[in-house]
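Visitor: show me how the following folds:
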Amino acid sequence: MSPVIFRFDFDIILNMISEIYDKIYKTIQKVPPGKVATYGQIARICNCGPRLVGYALRALKDNDLTNVPWHRVINSKGEISIKGEGYFVQETLLKKEGIFFNESGKIDLKRFGWQGTYEIQI
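Guide: Purely as a prediction, here's the structure:
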């Protein structure tokens, strides 16, 4: 039996990634100031996994940071997931929007959670 050889068309794969990233970014742009969404919530709306949402946010370039409110995406525990300096940047941006953290550093998702559940068309 001869081995099976898979051939990938990287242009097609890159286009698929670009499309899902665009959908993720458009969904995050719908989260209003003073509200947060979880990685899982964005993932459900975009029909992808929560890690892909994280990868998409990590892929943002400096000029995209002003167009996509990345700081409004947190984990399902109500916590900021990024570490180091990025944590303090995200915390500061959220506090400027009126979001409160409890003494454990968590955000009350019942109070500040975005209720958006609609699908974004791209």
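
Visitor: what's the longest helix along the chain in contact with?
Guide: Ranked by residue count, the top helix of the chain under DSSP state H comes out as helix 10-29. Outside helix 10-29, the residues within contact range by CB atoms under 8 Å, 6 or more residues apart in numbering are 37, 42, 45-46, 48, 52-53, 56-57, 59-60, 64, 67-70, 72-73, 116, 120, 122. The way it works is simple: take the backbone N, C-alpha and C, and place the C-beta from them, glycine included.

Visitor: pull the lowest-mean-pLDDT helix or strand in the chain out as PDB, backbone CA atoms only.
Guide: Across the helices and strands of the chain, mean pLDDT, DSSP states H and E gives its lowest value to helix 10-29, namely a mean of 84. C-alpha atoms of helix 10-29 as PDB (Å, rounded to 0.1, in the frame of the first residue of the first chain):
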ATOM      1  CA  PHE A  10      -2.100  27.400   1.500                       C
ATOM      2  CA  ASP A  11      -3.900  30.300  -0.300                       C
ATOM      3  CA  ILE A  12      -7.300  28.600   0.500                       C
ATOM      4  CA  ILE A  13      -6.300  28.000   4.100                       C
ATOM      5  CA  LEU A  14      -5.100  31.500   4.600                       C
ATOM      6  CA  ASN A  15      -8.300  32.800   3.000                       C
ATOM      7  CA  MET A  16     -10.400  30.700   5.400                       C
ATOM      8  CA  ILE A  17      -8.400  32.000   8.400                       C
ATOM      9  CA  SER A  18      -8.800  35.500   7.200                       C
ATOM     10  CA  GLU A  19     -12.600  35.100   6.800                       C
ATOM     11  CA  ILE A  20     -13.000  33.700  10.300                       C
ATOM     12  CA  TYR A  21     -10.700  36.300  11.800                       C
ATOM     13  CA  ASP A  22     -12.800  39.100  10.100                       C
ATOM     14  CA  LYS A  23     -16.000  37.600  11.500                       C
ATOM     15  CA  ILE A  24     -14.400  37.500  15.000                       C
ATOM     16  CA  TYR A  25     -13.300  41.100  14.700                       C
ATOM     17  CA  LYS A  26     -16.700  42.200  13.500                       C
ATOM     18  CA  THR A  27     -18.400  40.400  16.400                       C
ATOM     19  CA  ILE A  28     -16.100  42.000  19.000                       C
ATOM     20  CA  GLN A  29     -16.800  45.400  17.400                       C
END
